[in-house]
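S.K.: Fold the stuff below for me.
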Amino acid sequence: MPVKTKRVYEPPSPGDGTRILVMRFYPRGVKRDQFHEWHKELGTAPELIKAWKAGRITWDEFARRYEAQILADPQASATLNELAQRAKRETLTLLCSCQDEDHCHRTLLKAMIERQMKASGKK
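M.R.: Numbers count the residues shown, from 1 in each chain. The predicted model follows:
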C-alpha cells in the first residue's frame, strides 16, 4: 500500500488511509479529529530544525542527521519498523505543518519507511 505525505492543515480525504501526525510539537489550530495517530518521536529534534532554518547546515546534512536521530532512538526506530510493516497492508499518510514538502522531514521519513519495507521483504 502507498505511503503518502500531506500538510496537516489539508482536509482529510478518503484515500488518506491512516493519517499520522509526525511532529514533535502539536500544530496550532489543528483538531484531534484531523488525524488518527500522533508519533512525536518521529518529529525533528528542535536543535536540528533550528540549524536548518538558520542556514547553518545544508539540506543533505539535515537529512543525514534526521535519519541518524531516528535510528539512534529505540522508540523512533521501533515506530519506523512498525509503520513499514503496516504500510504493507494499509495506506498511511504522514502529516506535518511544513509548506515545502521537498524540504520536510515527512518526505525523508516516507523514504525511510519505503526502504524498510523493501529490506524486510527480502528477508
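S.K.: okay, CA-based contacts and neighbour counts for the rest of this
M.R.: Will do.
S.K.: What does R19 show for phi and psi?
M.R.: Main-chain dihedrals, R19, degrees, to the nearest 10: phi -90, psi 120.
S.K.: Now do it, the pLDDT please.
M.R.: R19 carries a pLDDT score of 98 in this model.
S.K.: Tell me how many other residues crowd it.
M.R.: Applying other CA atoms under 10 Å, we find 23 residues neighbouring R19.
S.K.: That one is in contact with H36, isn't it?
M.R.: Yes: using CA atoms under 8 Å, R19 is in contact with H36, at 5.3 Å.
S.K.: residue ranges for the helices of this structure, please.
M.R.: Ranges of helices within the chain are 46-53, 59-72, 74-86, 105-121, based on DSSP state H.
S.K.: for those helices, which one sits closest to Y9?
M.R.: helix 105-121 (14.1 Å; CA to CA).
S.K.: Lowest average pLDDT across the helices of the chain?
M.R.: In terms of average pLDDT, helix 105-121 trails the rest of the helices of the chain, at a mean of 91.
S.K.: Dump that one to PDB, keeping only the CA atoms.
M.R.: What follows is the C-alpha trace of helix 105-121 in PDB, where atoms were taken according to Å, rounded to 0.1, in the frame of the first residue of the first chain:
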ATOM      1  CA  HIS A 105      11.200  15.600   7.400                       C
ATOM      2  CA  ARG A 106       7.900  13.800   6.400                       C
ATOM      3  CA  THR A 107       9.400  13.200   2.900                       C
ATOM      4  CA  LEU A 108      12.600  11.800   4.500                       C
ATOM      5  CA  LEU A 109      10.500   9.600   6.800                       C
ATOM      6  CA  LYS A 110       8.400   8.300   3.900                       C
ATOM      7  CA  ALA A 111      11.700   7.300   2.100                       C
ATOM      8  CA  MET A 112      12.900   5.600   5.300                       C
ATOM      9  CA  ILE A 113       9.600   3.600   5.600                       C
ATOM     10  CA  GLU A 114       9.800   2.600   2.000                       C
ATOM     11  CA  ARG A 115      13.400   1.400   2.300                       C
ATOM     12  CA  GLN A 116      12.500  -0.500   5.500                       C
ATOM     13  CA  MET A 117       9.600  -2.200   3.600                       C
ATOM     14  CA  LYS A 118      11.900  -3.300   0.800                       C
ATOM     15  CA  ALA A 119      14.500  -4.500   3.300                       C
ATOM     16  CA  SER A 120      12.100  -6.500   5.400                       C
ATOM     17  CA  GLY A 121      10.500  -8.000   2.200                       C
END
